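Let's see this in three dimensions:
(one chain, ligands or ions: 1)
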Amino acid sequence: MAASRIVLLTTGGTVAATTTADGAVPALAAADLVPDLAAPRTDPLPDISVTATDLMSVDSSAMTATERFRIVGGIADALTDPDVTGVVVTHGTDTMEETAYLADLFHTDDRPVVFTGAQFPADAPNADGPRNIEDALRVAADPSSRGKGTLVVLGGRMWSARGIFKVSTDNPIAFDTAHPDLPRPVIDADVTKIGHARVDAFTLYPGVSPGIIAAAVSQNAAGIVLAATGSGNTHPDVTAQVAGAVHDGVVVVVTSRVPYGPIVPTYGGGGGAVDLQRAGAIISRWLRAPQARIALAVLLGTGHDAPRIAEFFRASDPTGD
Ligand SMILES: NC(=O)C[C@H](N)C(=O)O
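As a prediction, the model looks like this:
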């Protein structure tokens, strides 16, 4: 029997894609993505067995919330077997930061869950998927990966899922992180029973119509995430709309369209993060909009109220402020 038993869950993405006259589309099945474990290689694989399961075959940019929850459920199912050492999930890179973060929100087991994918289709001359999958299998089998939560492995690099974002459309090192070691508050809920909460996300810019906030509220958004400029700033007219939305019971979370650094309320003047916070918005200090949106949707879908949501975002900040 192999020393490590890895479950490989496949979901589509470029790692499973081949090129057609109509563009690259996921085509390979789970069995096609399992490397030949016995093949000679300069960097040998550890002693592992791999059980591969097709969960879905989608481009991650078109993945629905239901499909994302299904992946998290698939991970939980795999980990019900105590003999499983770790789980590898292949996934498109466009929204890997969302699904890997979602998986980590529910991941309380010490065993590693490792997401990987590819920047180039499986039939491209520079296909990076096979190497990434082998690297992910190594990480999943490595005892030193235990207790680190959900990891993302791509282009020879590894990150914690929390804090990452896609930074390149064509570099094999597709991701970077705002912070390599964010705390990992988890959500204590059954992933198969999360309610649907509509959460809209907007990137702000000078001259943005404040009406986008009212439009989201009128369409019954339960939450709104704002990727504001700089350290969480915008126009005073937007602040007024945020105050109205909060008054109507909508939870507003402010992050930044800037990729690096903490969002620390510093500026006033009516549209600064100091004003947005006073208007009732919650500051997401490190998680950028895609991951803040996932957190807010899950928190609202599990019945958390605004103070508990604020507490979650505080607990996601290493300084805890
Ligand atoms: N590199 C990729 O995987 C991109 C692809 N569109 C996806 O996210 O599914």
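
For the rest of this, base every contact and every neighbour count on C-alpha atoms.
OK.

Would you mind identifying the next helix or strand past the lengthiest strand in the chain?
Counting residues, the longest strand found in the chain (DSSP state E) is strand 48-58. Proceeding N to C from strand 48-58, the next assigned helix or strand is helix 65-79, under DSSP states H and E.

Name the residues of that next one that are buried.
Within helix 65-79, the residues that count as buried by 16 or more other C-alpha atoms under 10 Å are 67, 68, 69, 70, 71, 72, 73, 74, 75, 76, 78, 79.

give the contact list for the fifth one.
Right, the one you point to is residue 71. 11, 55, 103 (C-alpha atoms under 8 Å, 6 or more residues apart in numbering).

Take those and write them to JSON lines, including pLDDT and neighbour count.
Formatted as JSON lines, the contacts of residue 71 follow (pLDDT from 0 to 100; neighbours: other C-alpha atoms under 10 Å):
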{"residue": "11", "pLDDT": "98", "neighbour count": "27"}
{"residue": "55", "pLDDT": "98", "neighbour count": "19"}
{"residue": "103", "pLDDT": "98", "neighbour count": "25"}
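
Quick one: those residues as CSV, columns for distance to residue 144 too.
Shown next, in CSV, are the contacts of residue 71 (distance: C-alpha to C-alpha, whole Å):
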residue, distance to residue 144
11, 26
55, 27
103, 20
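
name the element residue 312 belongs to?
Short version, using DSSP H and E: residue 312 is in helix 306-315.

Show me what that helix is packed against.
strand 282-283 (3 or more C-alpha pairs under 8 Å, 6 or more residues apart in numbering; DSSP states H and E).

try 10 Å this time
When contacts are defined as 3 or more C-alpha pairs under 10 Å, 6 or more residues apart in numbering; DSSP states H and E, helix 306-315 packs onto strand 251-256, strand 282-283, helix 289-301.

Make TSV from those and add mean pLDDT to it.
As requested, the helices and strands packed on helix 306-315 are exported to TSV (pLDDT from 0 to 100):
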stretch	mean pLDDT
strand 251-256	98
strand 282-283	98
helix 289-301	98
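
Let me know which of the ones you listed is the nearest to the ligand.
helix 289-301 (13.8 Å; C-alpha to the nearest ligand atom).

Show me the strands in this structure, by range?
4-12, 17-20, 23-26, 48-58, 86-90, 113-116, 150-154, 157-160, 164-166, 175-177, 199-203, 223-228, 251-256, 282-283.

what domains does the record give for this protein?
Taking automatic domain parsing as the criterion, the chain consists of the domains 4-177, 195-315.

could those be laid out in CSV, adding distance to the ligand?
Listed next are those as CSV, based on distance: least, C-alpha to the nearest ligand atom, whole Å:
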stretch, distance to the ligand
domain 4-177, 3
domain 195-315, 14
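
I'd say residue 292 and residue 202 touch.
No - distance between residue 292 and residue 202: 11.8 Å, which falls outside the contact criterion (C-alpha atoms under 10 Å).

if we can go back for a sec, let's have the domains of the chain in CSV, adding distance to residue 187.
Formatted as CSV, these follow (distance: least, C-alpha to C-alpha, whole Å):
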stretch, distance to residue 187
domain 4-177, 6
domain 195-315, 8
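
can you list contacts of stretch 18-36?
When contacts are defined by C-alpha atoms under 10 Å, 6 or more residues apart in numbering, stretch 18-36 is touched by residues 8-17, 45, 50-60, 90, 92, 120-124, 129-131, 133-134, 137.

just how off-centre is that stretch within its chain?
23 Å (C-alpha atoms, centre = their mean, to the nearest Å).

Next, the distance between the ends of it.
By C-alpha to C-alpha, to the nearest Å, the extent of stretch 18-36 from end to end equals 20 Å.

Before I go, just wanted to say thanks for your time.
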